[in-house]
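# Build the 3D model from these lines:
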Amino acid sequence: MRRREFISLLGSAAVSPLAAHAQSMLPVIGFVNTGSPETHAQHLAAFLRGLGEAGYVEGRNVVIEYRWAENQSDRLPALIADLVHRQVAVIVATTTPAALAAKAATTIIPIVFEIGSNPAELGLLNQNNITGVAQLDIAVAPVRLQLLHQLVPKADTLALLVNPANSVLADISTKAMRATAQTFGLKLHVLHASNEREFDAVFAHIAELRAGGLVIGSDPLFVGQQKQLAALAVRYAVPTVFVTREFVQAGGLMSYGANFFDSYRATGGYAARILKGEKPQNLPVQQGTKVELFINRKSAKALGLKIPDTLNVHPDEMIE
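Numbers count the residues shown, from 1 in each chain. Predicted coordinates:
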């Protein structure tokens with residue numbers, strides 16, 4: 001071993017125990033998400049921004065323990081149990097399944113959620129250790145069906161994709177969409193996919209059903225695989241509406257949904273306030289108010305669709 005390398009190793013050995021001790025003195029946030037870090041990088045950046053604006057920087061004065069379920073919701077209880085065992089200062093649960101699992105795991109450790117559902121309907125407000133941010137996602141889900149109906153007005157049959165493994169969101173979405181379809185005199189086929197390997201079969205089945213378009217339900221699995229879903233929508237030439245702008249950028253026809261970045265940023269701010277000593281029961285649930293509409297003109301043209309004037313004047317962005 002060369003002398004420079006030997007000195008470097010000695011320095012590392014001497015400093016690392018001190019660094020580890022210093023880090024152990026910092027407050028710890030347990031961050032839980034149903035998806036993966038690769039597909040939620042921008043959301044995580046928004047969360048860290050919210051923390052930073054409140055004075056907390058990861059590695060400097062706060063430690064974050066990340067737990068990613070990799071689209072396997074059944075892993076969430078064990079992941080959260082580990083955080084409870086480690087006695088983290090606050091658990092940040094950034095999907096509906098994660099929030100429900102955190103609620104079941106502890107009544108003591110503060111929990112901050114970021115979800116698209118009504119927290120009262122989910123029973124998340126029955127414990128004093130829980131607060132968070134509820135963005136307009138499930139609440140505006142029926143509008144996606146209305147928008148799709150405007151783009152394909154001659155279609156009397158449409159489809160909805162939900163994840164049966166996430167039964168809470170699937171049931172809420174299905175109920176709301178069926179009511180909207182009935183209002184417009186449409187037939188709605190509800191299709192299921194609980195992993196990305198089932199997506200191809202779903203789109204093939206849409207063609208067999210002669211459905212004029214597809215609404216993809218809001219679900220962590222679908223958010224994590226939105227590029228694949230957009231590619232399939234293009235390949236099978238299915239007019240498809242989803243939640244996020246990224247879906248439209250990847251070739252999907254249209255998206256309508258909440259601004260996730262605002263809600264994740266606000267979640268970071270709430271986590272910081274709890275680290276500073278505030279109690280969850282004294283922090284009212286924040287309700288998102290901003291929704292965004294994005295349309296891909298190129299995809300509309302490829303599908304032979306004319307964007308009606310009612311949509312032309314309203315979108316936040318027309319993606320070429």
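
# So which residues of the chain form strands?
According to DSSP state E, the chain carries its strands in the segments 28-33, 63-68, 90-93, 111-115, 130-134, 157-162, 187-192, 214-216, 240-242, 254-258, 286-287, 291-296, 317-319.

# I would like the residues contacting the shortest one, please.
Contacts with strand 286-287, where a contact means C-beta atoms under 8 Å, 6 or more residues apart in numbering, come from G132, V133, A134, Q135, L136, S263, A266, Y270. Using the backbone N, CA and C atoms, a C-beta is placed for each residue, glycine as well.

# Report how many residues lie close to the third one.
When you say that, I think you mean A134. Residues near A134, counting by other C-beta atoms under 10 Å, number 25.

# now the strands of the chain in TSV, with mean pLDDT?
Converted to TSV, these look like this (pLDDT from 0 to 100):
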stretch	mean pLDDT
strand 28-33	98
strand 63-68	98
strand 90-93	98
strand 111-115	97
strand 130-134	96
strand 157-162	97
strand 187-192	97
strand 214-216	97
strand 240-242	96
strand 254-258	91
strand 286-287	92
strand 291-296	92
strand 317-319	54
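
# Turn these into JSON lines, including distance to H149.
Formatted as JSON lines, the strands of the chain follow (distance: least, C-beta to C-beta, whole Å):
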{"stretch": "strand 28-33", "distance to H149": "33"}
{"stretch": "strand 63-68", "distance to H149": "36"}
{"stretch": "strand 90-93", "distance to H149": "34"}
{"stretch": "strand 111-115", "distance to H149": "27"}
{"stretch": "strand 130-134", "distance to H149": "27"}
{"stretch": "strand 157-162", "distance to H149": "7"}
{"stretch": "strand 187-192", "distance to H149": "11"}
{"stretch": "strand 214-216", "distance to H149": "10"}
{"stretch": "strand 240-242", "distance to H149": "10"}
{"stretch": "strand 254-258", "distance to H149": "12"}
{"stretch": "strand 286-287", "distance to H149": "27"}
{"stretch": "strand 291-296", "distance to H149": "15"}
{"stretch": "strand 317-319", "distance to H149": "20"}
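
# and stretch 239-246, how far apart are its ends?
Start-to-end span of stretch 239-246 (C-alpha to C-alpha, to the nearest Å) is 16 Å.

# where does the stretch 1-150 of the chain have low pLDDT?
1-24 (pLDDT under 70).

# The same query, at a cut-off of 90, please.
1-25, 35-36, 38-42, 71-73, 116-118, 121-122, 135-141 (pLDDT under 90).

# And E38, how far from K187?
37 Å (C-beta to C-beta, to the nearest Å).

# Next one: the residue most central in space within the chain from V285, what distance?
Centrality entry for the chain: nearest residue to the mean C-alpha point is P220, 5.1 Å, by C-alpha atoms, centre = their mean. Using C-beta to C-beta, P220 is found at 20 Å from V285.

# Just the pLDDT for V168.
Listed pLDDT for V168 reads 84.

# Skipping adjacent residues, who's closest to it in space?
T96 (6.1 Å; C-beta to C-beta, 6 or more residues apart in numbering).

# residues touching the one you found, list them.
I115, G116, S117, L122, N166, V168, L169.

# and what of R178?
R178 makes contacts with L188, V190, as judged by C-beta under 8 Å, 6+ apart.

# who has more neighbours, E38 and K187?
K187 (13 against 9).

# The closest residue to that one other than its chain neighbours and E114, how far apart?
In space, and not counting its chain neighbours, K187 is closest to T157: 4.5 Å by C-beta to C-beta, 6+ apart. Going from T157 to E114 by C-beta to C-beta gives 35 Å.

# Which one of those two is surrounded by more residues?
E114 (30 against 16).

# wait, the more buried one sits on Y264?
Yes - assessed by C-beta atoms under 8 Å, E114 is found in contact with Y264 at 5.9 Å.

# circling back to that earlier point, need the contact list for the residue nearest to K187.
Here T157 is in contact with L186, K187, L188, H189, L209, R210, A211, G212 (criterion: C-beta under 8 Å, 6+ apart).

# State the distance from the spatially closest residue to the last one that is not a sequence neighbour to I111.
Taking C-beta to C-beta, 6+ apart as the measure, G212 lies nearest to A155, with 2.2 Å between them; neighbours along the chain are not counted. Between A155 and I111 the computed distance is 43 Å (C-beta to C-beta).
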